[in-house]
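*Asks:* Please find the sequence and the predicted model below.
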Amino acid sequence: MSNGDIPNGASPHATHTPSQRYLSTRGDDSDLSFEDVVLKGLASDGGLYIPEEIPVASDWQSWKDLPFVDLAYNVLSLYISPAEIPAPDLKDIIRRSYSTFRAQDVTPLVHLQGNIHLLELFHGPTFAFKDVALQFLGNLFEYFLVRRNEGKTGRDRYHLTVVGATSGDTGSAAIYGLRGKKDVSVFMLHPKGRVSPIQEAQMTTVLDANVHNLAITGNFDNCQDIVKALFADRDINSTLKLGAVNSINWARILAQTVYYFYSYFSLARQSESFKVGDKVRFVVPSGNFGDVLAGYFAKRMGLPIDKLVIATNENDILDRFWKTGRYEKKATHGPAAEGGLECDGVKAHEDGVKETLSPAMDILVSSNFERLLWFLAYKFAAGTKMDDEWIKRQAGQEVSSWLKDLKTKGGFGPVYKDVLKEAREDFESERVTDQETLDAIKRLYKEADYILDPHTAVGIEAASRSVKRAGPGMPHIALSTAHPAKFAGAVTLALKDEPSFQFDEKVLPREFVGLDQKERRVKDVANDWKAVRELVKKEIEEELSLP
Ligand SMILES: Cc1ncc(COP(=O)(O)O)c(C=O)c1O
Ligand SMILES: N[C@@H](CCOP(=O)(O)O)C(=O)O
């Protein structure tokens, strides 16, 4: 347990409920505080942190008319003990985090067509859903660091070195959430040439001294692997005090849980036929499985979600799992076919990622899937009627063995029939091709005069299929994860033949005008975790020596 764990020095168990203590999905770490898991990001056994118990929000129905920030407080305080963050402080962090949003209700719900509603998550500073969690996480880091550093000077101060991997959106949202903050530096790795021009400009035009952009010659999974290799290096992890902003950080998932509740209530306020207590489906464009996992937590907390529909692009590892029970990387093209890439110290993986029109979801392995696997393994082991401690240990062992097979054999499964059955209780999945993505953008422009970004379009195509299965009486909330201006190429490709379509006039927000002309700072680095490690060490040293 860390020094900053319980400010008043009281016993943790006197003031924390089980949903406010955390364990690792691989079983070696447990009984951690919220502050510990937020600052550590990834567990030392390589696992991801989850709450020891998911709280049931027995009074959730009474939250219906709350403003976003009050609702957020009700959700978050179930997972964060007031002994760690007193209620007025948590309320203040939440209020400041969402005051940067352009929409008054933070995440507005709009009716799209028929029984499909769109949850617009792109009204934050960088025009992507990541802002919802990363504005909050930036302020959380600041809060914990101020407290830890009280009365300390110079090198005695706790300095957090955030290392993150991005296919574009996490990077910009994290950089905007952390720029200029004291005692924290951020190193953001993106795959060189594989993020959209606007995303690249958003990240690299931030010139604050604590922001470091690294362009890696590889794909997003290479960046994600490098980040995990850095965390696994005990030396750099402890000397530089590494922190995470990717959705491996539990606070990311937690903050995203709020908008499932909020949009559900928005629907109840907006629709005469929908009442609190009725069921709804959520459709979530998915890559790293963080956003849809937040929906799983909302469901387990009591929100009446019929199904969570996972929408993947042609990088479909998740869709294949739900169809077959096998979770496997599959080389579809590239060097993998000739034996894969080898990278010093990091287990090689196949470059089987397909470049699609929804690049933020071009992911071979979905990191948060591990969290769901733990809950599935827990449920399976609970069938033995052993005590809770044994069941948790068993779940950790099962997850470790699946993840070991993923690393050494490129996949695992089929999982036990009951595990897959359980996964299908809560989730359905759809795979959407690039052509179907373009068709969805075109169709919604013509039929609803709405311009979708390509990731949201993947979700809308999946929603249309789900509506057919679930029937017209089942409302669908599709998550709109980015503003279309971030993906000008795909949107223009879809709409170029529409006479009324003008990108600059219909899509481009004024915040993006002139961004491409600004000065940039970025370093090219090879796909080699040791090269990245040395660069991080050098740049941190230079940054901390600045006057
Ligand atoms: C625009 C956009 N949509 C969807 C996703 C997928 O979300 P997740 O990785 O949480 O599954 C991402 C990236 O993560 C994204 O940037
Ligand atoms: N699509 C993401 C990839 C990283 O996902 P994260 O949610 O785990 O941070 C991006 O935009 O960078």
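*Replies:* That came through fine. Ligands and ions are numbered 1, 2, ... in the order given.
*Asks:* Tell me where the stretch 51-200 of the chain has strands.
*Replies:* Remark: strands assigned in the stretch 51-200 of the chain by DSSP state E, counting those that start in this stretch are 109-113, 116-120, 160-165, 184-191.
*Asks:* Neighbouring strands - and their directions - for the longest one?
*Replies:* Based on DSSP bridges, the pairing partners of strand 184-191 within the sheet are strand 160-165 (parallel), strand 211-216 (parallel).
*Asks:* For this structure, name the helix or strand with the lowest mean pLDDT.
*Replies:* Within the chain, confidence by mean pLDDT, DSSP states H and E is lowest for helix 12-15 among all helices and strands, at a mean of 58.
*Asks:* what's the span of stretch 25-45, first residue to last?
*Replies:* Between the opening and closing residues of stretch 25-45 we find a distance of 9 Å, counting by CA to CA, to the nearest Å.
*Asks:* ignore the last one, stretch 207-220
*Replies:* When the termini of stretch 207-220 are compared using CA to CA, they are 23 Å apart.
*Asks:* for that stretch, which positions count as buried?
*Replies:* 210, 211, 212, 213, 214, 215, 216, 218, 219, 220 (16 or more other CB atoms under 10 Å). The way it works is simple: take the backbone N, C-alpha and C, and place the C-beta from them, glycine included.
*Asks:* Now compare these and name the two farthest from each other.
*Replies:* 210 and 219 (26.6 Å; CB to CB).
*Asks:* Surely residue 274 touches residue 267?
*Replies:* Yes: counting by CB atoms under 8 Å, residue 267 is a contact partner of residue 274 at 5.3 Å.
*Asks:* what about those two, which has more around it?
*Replies:* Taking neighbours as other CB atoms under 10 Å, residue 274 and residue 267 compare with residue 267 leading, 21 against 17.
*Asks:* Look at that one and give its secondary structure.
*Replies:* Under DSSP: H, G, I helix; E, B strand; the rest coil, residue 267 falls in the helix class.
*Asks:* Roughly how far does it sit from residue 74?
*Replies:* Going from residue 267 to residue 74 by CB to CB, to the nearest Å gives 18 Å.
*Asks:* for residue 154, same thing?
*Replies:* Taking CB to CB, one finds residue 154 at 41 Å from residue 74.
*Asks:* Equivalent analysis for residue 148, please.
*Replies:* Going from residue 148 to residue 74 by CB to CB gives 27 Å.
*Asks:* Next, format the strands paired with strand 184-191 as CSV and append distance to residue 379 and mean pLDDT.
*Replies:* Shown next, in CSV, are the strands paired with strand 184-191 (distance: least, CB to CB, whole Å; pLDDT from 0 to 100):
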stretch, distance to residue 379, mean pLDDT
strand 160-165, 30, 98
strand 211-216, 38, 98
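*Asks:* Using TSV, please lay out those together with distance to ligand 1.
*Replies:* Output for the strands paired with strand 184-191, formatted as TSV (distance: least, CB to the nearest ligand atom, whole Å):
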stretch	distance to ligand 1
strand 160-165	11
strand 211-216	17
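*Asks:* need the helices for the stretch 201-350 of the chain, in chain order.
*Replies:* 220-232, 234-240, 250-270, 290-301, 317-324 (DSSP state H, counting those that start in this stretch).
*Asks:* ok, the residue in the stretch 101-250 of the chain that ligand 1 sits nearest to - contacts?
*Replies:* Going by CB to the nearest ligand atom, ligand 1 is nearest to residue 169 of the stretch 101-250 of the chain, at 3.4 Å. Taking CB atoms under 8 Å, 6 or more residues apart in numbering as the criterion, residue 169 is in contact with 126, 128, 129, 130, 199, 360, 481, 482, 486.
*Asks:* what's the closest of these to ligand 2?
*Replies:* residue 360 (3.6 Å).
*Asks:* quick one: pLDDT of residue 155?
*Replies:* Residue 155 carries a pLDDT score of 88 in this model.
*Asks:* quick one: it from residue 536, how far?
*Replies:* Distance from residue 155 to residue 536, by CB to CB: 17 Å.
*Asks:* more neighbours, those two?
*Replies:* Using other CB under 10 Å, the more surrounded residue of residue 155 and residue 536 is residue 536, with 22 against 7.
*Asks:* where does that one land in three-state SS?
*Replies:* Classification of residue 536 using three-state DSSP returns helix.
*Asks:* surely it meets residue 163?
*Replies:* Yes: if you go by CB under 8 Å, residue 536 and residue 163 touch, sitting 6.8 Å apart.
*Asks:* Name the residues contacting each of the two.
*Replies:* With contacts defined as CB under 8 Å, 6+ apart, the residues shared by residue 536 and residue 163 are 187, 230.
*Asks:* Low-confidence ranges, this protein, go.
*Replies:* For the chain, the stretches with pLDDT under 70 are 1-14, 331-351.
*Asks:* what do you get if the cut-off is 50, keeping everything else the same?
*Replies:* The chain contains residues with pLDDT under 50 at 1-12, 331-350.
*Asks:* got the residues of it near ligand 1?
*Replies:* Listed as neighbours of ligand 1 in the chain under the rule CB under 6 Å from any ligand atom: 128, 169, 247, 285-291, 360-361, 455, 481-482.
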